[in-house]
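A.B. asks: What shape does this take:
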Amino acid sequence: MKNLKITVMCGMVLMVFSFLCGCSNAVGKAISQFHAARPQVQLGMDKGDVLRILEPTQERLSLRQARGSEQYTQDGVHVEIYFFRSHANYDKILTDDEFTPYVFHDGKLQAIGWTAIGGPKTQAQPIPEQHITIIR
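C.D. replies: Have a look, this model is predicted:
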């Protein structure tokens, strides 16, 4: 009975570890594929052409690893912003600085990057190093 419990525990630990490795692996692959594809995209391109190039790079990401698009109308111009995973901080917090925004005005690529939309609102923060001394 004890061996069965140990086997089940080991199996569960292995499943969790495999799942976590798969998640970070999907992010790493998406980022690599994005960086390989992004030189094909130029300002002025149609939204459909840009999405055909960049969306396949993100298809393995889960909803928690990706970010949805935004849209609004400003001065009669339909503005759409698509965010593509371009970096990873692996700090378990999804922040704006892990994405590159692509800004479309009336279906044409107008800008790439955060400068055009005022900069990222959230950024990863360095985790302070902890020094723990154990006294026995």
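
A.B. asks: residues near Glu55, how many?
C.D. replies: Here the number of neighbours of Glu55 (other Cβ atoms under 10 Å) works out to 12. C-beta coordinates here come from the backbone N, C-alpha and C atoms, glycine included.

A.B. asks: Figure out the helix or strand that the nearest residue to Arg60 once chain neighbours are set aside lives in.
C.D. replies: Spatial nearest neighbour of Arg60, excluding adjacent residues (Cβ to Cβ, 6 or more residues apart in numbering): Ala26 at 4.4 Å. Secondary structure assigned from DSSP states H and E places Ala26 in helix 2-37.

A.B. asks: following that helix, which helix or strand shows up next?
C.D. replies: Past helix 2-37, the next helix or strand by DSSP H and E is helix 47-54.

A.B. asks: just checking, Ala124 touches Phe99?
C.D. replies: No. Ala124 lies out of contact with Phe99 (Cβ atoms under 8 Å); the separation is 11.9 Å.

A.B. asks: So those two - more neighbours on which side?
C.D. replies: Each of Ala124 and Phe99 has its neighbours counted (other Cβ under 10 Å); Phe99 has more, 20 against 17.

A.B. asks: which residues touch the spatially most central residue of the chain?
C.D. replies: Centroid-nearest residue in the chain, with Cα atoms, centre = their mean: Arg85, separated by 3.3 Å. Applying Cβ atoms under 8 Å, 6 or more residues apart in numbering to Arg85 gives the contacts Val27, Ala30, Ile31, Phe34, Gln58, Leu61, Gln65, Ala66, Arg67, Glu98, Phe99.

A.B. asks: In a markdown table: those, plus pLDDT and distance to Gly107.
C.D. replies: Compiled in a markdown table, the contacts of Arg85 are given as follows (pLDDT from 0 to 100; distance: Cβ to Cβ, whole Å):
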| residue | pLDDT | distance to Gly107 |
| --- | --- | --- |
| Val27 | 94 | 29 |
| Ala30 | 96 | 25 |
| Ile31 | 97 | 27 |
| Phe34 | 97 | 22 |
| Gln58 | 96 | 20 |
| Leu61 | 95 | 24 |
| Gln65 | 94 | 27 |
| Ala66 | 93 | 22 |
| Arg67 | 93 | 21 |
| Glu98 | 95 | 26 |
| Phe99 | 97 | 21 |
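
A.B. asks: Kind regards, and thank you for your time.
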